[in-house]
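Q: Following is a predicted model, sequence given first.
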Amino acid sequence: PRHFLEFVHQTVGIFNEKTHELNEQKSHLTVGLKKIQETVDQVEKMQQSLAGKSAELAAKNVEANQKLEQMMQDQKVAEEKKAASQQLEKELVVKSAAANEKKASVTAQLANVEPLIAEAKLAVKGVNKKDLQELKS
């Protein structure tokens, strides 16, 4: 009987010890499972956020490509205008040179004609009214 009581007492002690160990393991595993579930939830949220951000990134990419295309078109137009401006500048230089030549020619002709005009003015001043009346009659 006494050995049996010690045996029962020992068995109850081992049972309590094992129960305590199993409860600790269960608690540890429960905490681990909660952490895993929290991590899964965070990953799902991050994936949803990533999906939203991916769509936003794609839209921004399209917008950036459109702006780049517009900038390239604007640059092409600016280059065409610059080329046209340079061509006009060359034409202006040629026309300016031609105008200067014409001016020099006209100035030379005017220099030849001015003495004749001055001489004609003097001749007109020398005509008096009597001579004009005689010519009219």
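A: Structure received.

Q: How far off centre is stretch 114-125?
A: On the basis of Cα atoms, centre = their mean, to the nearest Å, the separation between the geometric centre of stretch 114-125 and that of its chain is 72 Å.

Q: Toward the C-terminus, what is the element adjacent to the host helix or strand of Glu38?
A: Using DSSP states H and E, Glu38 falls within helix 2-126. Downstream of helix 2-126, the next assigned helix or strand under DSSP H and E is helix 129-136.

Q: buried residues in that following helix?
A: Buried residues in helix 129-136, counted by 16 or more other Cβ atoms under 10 Å: none are found. Every C-beta, even on glycine, is put in place using the N, C-alpha and C of the backbone.

Q: if you average pLDDT over the helix holding Glu38, what comes out?
A: For helix 2-126, the mean per-residue pLDDT is 94.

Q: Can you give the distance from it to the centre of its chain?
A: On Cα atoms, centre = their mean, the centre of helix 2-126 falls 7 Å from that of its chain.
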